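In: Model the following, please.
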Amino acid sequence: MRSAEATVPTVWPDPRRPQADNLRILDGMEWSHRTPHLRAFSFGFSVRASEPSTGRYIEALFGAMAASDEAAHVYSFLEFDGRHEVYRDGEQVSSTEAASTALGHLLWDVNRNAITSARQDLLFHASAAEYEGRAVLMPAPMGSGKTTLVAGLVLGGLRYITDEAVAVDPTTLLVHPYPKPLALRRGSWEALPSLRPDLAPELRPFARSTWYVSPGMIRADAIASSPCAPGFVIAHRYEIGARTELTPMSRAEGLIALAENSFNITDFGTRRSMDLLAAIVRRCRCYRLTTGDLDAASRVVLDLVTSSEGFDG
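Out: Take a look at the predicted model:
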């Protein structure tokens, strides 16, 4: 239901219009909530919402990305007459009746632009967590349980770097935090019941198909606060019913695992890209993890990275 604070616009944005015209229409609307400036890698943005409770919810999800510099882009999250419309500047990102789908499209678009903005770094399709200044890199293709595993590790005491895109500075080889909200789909809910969002009734439709979790909601000190050196590469795969096994692999195999899950390694040229990958894995111990159980997987990884021999490199 539309809140009393929202104002029905007389002219609506339309994806068939020029983006500049839509932006003028959106800028002329009254918005119930605006987030502070936010930053995902080098992508600066803010979000304005027609519903105050939605705006506060989105702000809480992106809270770890708060930035002091002015945002270059603005998302508009409109809710009227049972529909949810999302625009980035004047370009439509989503139009749907499902609140959870609209929110997912917003997060997907932010992530896509964040990755594009960080092309100067080595980018890997991976989750990552930090322990005592060292990063655990967990490269894996889509559907391998990256978000579920890193959520389990953060619940176990590690600090969150990201669940989706790992950025490594090619000069310093430091891993930069990207504390985006975690997106936990239904298959992860049973394994992570404590992360179920506690939402007001009007916000519960946003969690109907996916739980969106700000890392700061896991615990107060859950987020890695600064760039850190790579310490481990753990290539992992989830298989229903599989026995949990963590086995060492060579640094050459670790290099291949990173290369196979890179967003942009070819941008650096063949020779330099291989040199950079080799430099990363030289700093790491490399493993392969197969699991069908989150608790068991979290235990073996936590035991590995917190042991005294874990950082011998």
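In: show me the contacts for the residue positioned nearest the centre of the chain.
Out: Centroid-nearest residue in the chain: K180, 3.7 Å away (criterion: CA atoms, centre = their mean). With contact taken as CB atoms under 8 Å, 6 or more residues apart in numbering, K180 is in contact with A40, M65, L107, V110, N111, A114, T162, D163, E164. Heads up, the C-betas are built off the backbone N, CA and C, glycines and all.
In: In contact with the last one, which residues?
Out: Neighbouring residues of E164 by CB under 8 Å, 6+ apart: N111, H125, S127, K146, T147, Y178, K180.
In: about what we covered before: of all the contacts of K180, which comes closest to E239?
Out: D163 (19.7 Å; CB to CB).
In: Restricted to strands, list the contacts of E164.
Out: Per DSSP state E, strands hold the following members of those: H125, S127.
In: so which of the contacts of E164 comes closest to N22?
Out: N111 (22.4 Å).
In: was I right about the closest one contacting A40?
Out: Yes: between N111 and A40 there is a contact under CB atoms under 8 Å: 7.2 Å.
In: Compare those two (neighbour count), which wins?
Out: Shown here are N111 and A40; by other CB atoms under 10 Å, A40 has more neighbours (23 against 20).
In: Quick check: the more buried one vs L155, distance?
Out: 23 Å (CB to CB, to the nearest Å).
In: ditto for R196
Out: 13 Å.
In: Between these two, which is the more surrounded one?
Out: L155 (17 against 12).
In: So what's the residue count around the closest residue to P181 other than its chain neighbours?
Out: Of all residues not flanking P181 in the chain, L61 sits nearest, at 4.5 Å (CB to CB, 6 or more residues apart in numbering). By other CB under 10 Å, 25 other residues sit near L61.
In: Please tell me I have it right and L61 contacts S214.
Out: Yes: with contact defined as CB under 8 Å, L61 reaches S214; the gap is 4.9 Å.
In: in the host helix or strand of D275, what's buried?
Out: Secondary structure assignment for D275, by DSSP states H and E: helix 270-282. Under the neighbour-count criterion of 16 or more other CB atoms under 10 Å, helix 270-282 has S273, L276, L277, I280, V281 buried.
In: For that helix, name the packing helices and strands.
Out: Contact here means 3 or more CB pairs under 8 Å, 6 or more residues apart in numbering; DSSP states H and E; on that basis helix 270-282 packs against strand 122-131, strand 229-238, helix 251-260.
In: The very next helix or strand once past that helix versus helix 251-260: what angle between them?
Out: Sequence-wise, the next helix or strand downstream of helix 270-282 (DSSP H and E) is strand 285-291. Angle between the axes of strand 285-291 and helix 251-260 is 70 degrees (criterion: axes from the mean of the first three to the mean of the last three CA atoms, to 10 degrees).
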